[in-house]
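1. the amino acid sequence is not available; the structure is as follows:
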Ligand code: ATP
Ligand code: MN
């Protein structure tokens, strides 16, 4: 009888808790095949775990013809008896009695025939790379983190707010934006002055893809107290770095009544919770990544969980960096935007633990950050991590209408773009704070991968939009 999904058991469940002696069924993709005239061994993986289950074919029962087209990459369904595995490394294996080939894979052309491909090559076959052990592990960890993020906030009464992806305001200033339009580039409507007439466009005005959901999240916090966003954001920055994507996911909690201390406490507790969650629920995948790529992976995660983050001002950090016996690619002075070499020095060399820097010069931070009494700095907080540098950027927000307005005017942000944002400071304003966590930076840190393109299923970077 043709096998159906209802009788299938996931490989993870078979390996961990399948009853020895039971008749079982499994489906999945062939990782390896080996054997001789009398016996064939197939490693079968269905993505439920890093581990494959060994399926043993007695060649007295199966014909060579039946197994001929079962090569690496093929998809099969098997039935058989779950027996104790004589081999080391696995508790049980399947003694096959039935085989169905769901999909062949031609061994002459299947790109993942051999192990040990480079990350660069795998990026070129992003449609198949989830079949590798590495991407399976990364994608399961990515999923676990996404789930833990929702769980963390839900358990604490935060409301998940869906902020728009298409936005009519480019006030955030977090980076270059992608345009959204339905106008025909070969036949653009013009104003009498010869400029493009955006009033003819779909939204009747210029529209872009969002760089951040923060401003809208603040509107939510001013009614629901504690909200968070978790959605895609887009930056048309032409930066070909291992830490930047053109499309990435961001988590942005925004909380009424929180000052910057509360904000830092939340950010630290949140990050530790997420890392602890992965340490306990993705142990096999972490162990694999540690073994294959990064011997210090688990100890680095443990370092974050076990240590109180060091908190200090930007000014103090600049003093430390100026005194450091270190050659910088970018010079350090008060007022300079810190680069990842500086951030990593503080974290990895000076303090040997995560660091939170506060009170940055207002010139290098966004208009909405709360101004300190010194007239020079704002209540910003950046969380810096080993290997990554900035993983979170946040602040207490300016809740005073006049101060916010004067900052907006100073920076030349058109009031017509942010009138709705200013309104919250006119009607029932409240002290409030929030931060943005780049999801892929977090996955990068937790998996120990070295390029952000390898922690998202389909990376979008300059000149790369194939899959
Ligand atoms: P960076 O200086 O690294 O470019 P940023 O100052 O532009 O970061 P924010 O605008 O504060 O970053 O965004 C919040 C968070 O989003 C950052 O802390 C980081 O984790 C993440 N992030 C920012 N830009 C990108 C990007 N292009 N790709 C992936 N993650 C990003
Ligand atoms: Mn940036």
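-> Sure thing, it's come through. All figures in this text were calculated on a predicted structure; none of them were measured in a lab. Ligands and ions are numbered 1, 2, ... in the order given.
2. mind listing what the closest residue to ligand 1 within the stretch 301-450 of the chain touches?
-> Distance from ligand 1 to each residue of the stretch 301-450 of the chain (CB to the nearest ligand atom) is smallest for residue 438, at 2.4 Å. Using the backbone N, CA and C atoms, a C-beta is placed for each residue, glycine as well. Residues in contact with residue 438, defined by CB atoms under 8 Å, 6 or more residues apart in numbering, are 248-250, 391-392.
3. now the residues you listed as TSV including pLDDT, neighbour count and distance to ligand 1?
-> Listed next are the contacts of residue 438 as TSV, based on pLDDT from 0 to 100; neighbours: other CB atoms under 10 Å; distance: CB to the nearest ligand atom, whole Å:
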residue	pLDDT	neighbour count	distance to ligand 1
248	97	20	4
249	98	20	8
250	98	22	5
391	95	24	5
392	97	24	5
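4. now tabulate the residues you listed in JSON lines and tack on distance to residue 64 and secondary structure.
-> Shown next, in JSON lines, are the contacts of residue 438 (distance: CB to CB, whole Å; DSSP: H, G, I helix; E, B strand; the rest coil):
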{"residue": "248", "distance to residue 64": "50", "secondary structure": "strand"}
{"residue": "249", "distance to residue 64": "48", "secondary structure": "strand"}
{"residue": "250", "distance to residue 64": "54", "secondary structure": "strand"}
{"residue": "391", "distance to residue 64": "54", "secondary structure": "strand"}
{"residue": "392", "distance to residue 64": "58", "secondary structure": "strand"}
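5. re the thing from before, how far away is the residue of the stretch 301-450 of the chain closest to ligand 1 from residue 150?
-> 17 Å (CB to CB, to the nearest Å).
6. the stretch 1-150 of the chain: strands as residue ranges?
-> 23-35, 39-45, 53-58, 75-84, 92-103 (DSSP state E, counting those that start in this stretch).
7. same check, this time on the stretch 201-350 of the chain
-> For the stretch 201-350 of the chain, the strands defined by DSSP E, counting those that start in this stretch cover 207-209, 226-234, 247-256, 310-313.
8. ok, the residue nearest to residue 206 when sequence neighbours are not counted - contacts?
-> With sequence-adjacent residues excluded and distances taken as CB to CB, 6 or more residues apart in numbering, residue 206 is closest to residue 198, at 4.8 Å. By CB under 8 Å, 6+ apart, the contact list for residue 198 reads 204-206.
9. now do residue 198, the pLDDT please.
-> If you check residue 198, the pLDDT there is 96.
10. from residue 150, how far out is it?
-> For residue 198, the distance to residue 150 - CB to CB - is 37 Å.
11. likewise residue 208?
-> On the measure of CB to CB, residue 208 and residue 150 end up 27 Å apart.
12. just residue 27 next, same as before
-> 29 Å.
13. more neighbours: which of the two?
-> Set residue 27 next to residue 150 and count neighbours by other CB atoms under 10 Å: residue 27 wins out with 20 against 14.
14. does the residue lying closest to the more buried one once chain neighbours are set aside have beta-bridge partners, and which?
-> Distance criterion CB to CB, 6+ apart; nearest residue to residue 27, sequence neighbours excluded, is residue 77 at 4.5 Å. Beta bridges link residue 77 to residue 27, residue 100 when assigned by DSSP bridges.
15. what is the burial count for residue 77?
-> The number of residues near residue 77, taken as other CB under 10 Å, comes to 20.
16. residues from the stretch 51-200 of the chain in reach of ligand 1?
-> 174-175 (CB under 6 Å from any ligand atom).
17. by proximity to ligand 1, which residue of the stretch 51-200 of the chain wins?
-> Counting by CB to the nearest ligand atom, the stretch 51-200 of the chain gets nearest to ligand 1 through residue 174 (4.0 Å).
18. isn't that residue up against residue 210?
-> No. Counting by CB atoms under 8 Å, residue 174 sits too far from residue 210 to count as a contact (9.4 Å).
19. and those two? Which one has more around it.
-> Neighbours were counted for residue 174 and for residue 210 using other CB under 10 Å; residue 210 has more, 27 against 18.
20. which residues touch the more buried one?
-> 163-167, 233-234.
21. list the contacts of the closest residue to it other than its chain neighbours.
-> Once flanking residues are discounted, residue 210 sits nearest to residue 167: 4.6 Å by CB to CB, 6+ apart. Each residue near residue 167 by CB under 8 Å, 6+ apart is listed here: 207-210.
22. run through this protein and note the low-pLDDT ranges.
-> Counting by pLDDT under 70, the chain shows low-confidence ranges at 171-173.
23. for it, just list every one of the helices.
-> 11-17, 64-68, 119-124, 133-155, 214-224, 260-281, 283-292, 297-306, 314-323, 340-344, 401-410, 415-426, 439-447 (DSSP state H).
24. out of those helices, which is the most enclosed?
-> Mean neighbour count (mean count of other CB atoms under 10 Å) peaks for helix 439-447 among the helices of the chain, with a mean of 24.
25. run the chain-centre distance for that helix.
-> Relative to its parent chain, helix 439-447 has a centroid offset of 5 Å by CA atoms, centre = their mean, to the nearest Å.
26. can I get the strands of the stretch 201-350 of the chain in JSON lines with distance to residue 273?
-> Below are the strands of the stretch 201-350 of the chain laid out as JSON lines (distance: least, CB to CB, whole Å):
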{"stretch": "strand 207-209", "distance to residue 273": "30"}
{"stretch": "strand 226-234", "distance to residue 273": "14"}
{"stretch": "strand 247-256", "distance to residue 273": "13"}
{"stretch": "strand 310-313", "distance to residue 273": "18"}
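27. okay, the ones you listed, which one's buried deepest?
-> Highest mean neighbour count among the strands of the stretch 201-350 of the chain (mean count of other CB under 10 Å): strand 247-256, a mean of 24.
28. can you list the strands that it pairs with?
-> strand 226-234 (antiparallel), strand 432-438 (antiparallel).
29. mind checking if the longest one is in reach of ligand 1?
-> The reference is to strand 226-234. No. Using CB under 6 Å from any ligand atom, strand 226-234 stays clear of ligand 1, coming no nearer than 7.5 Å.
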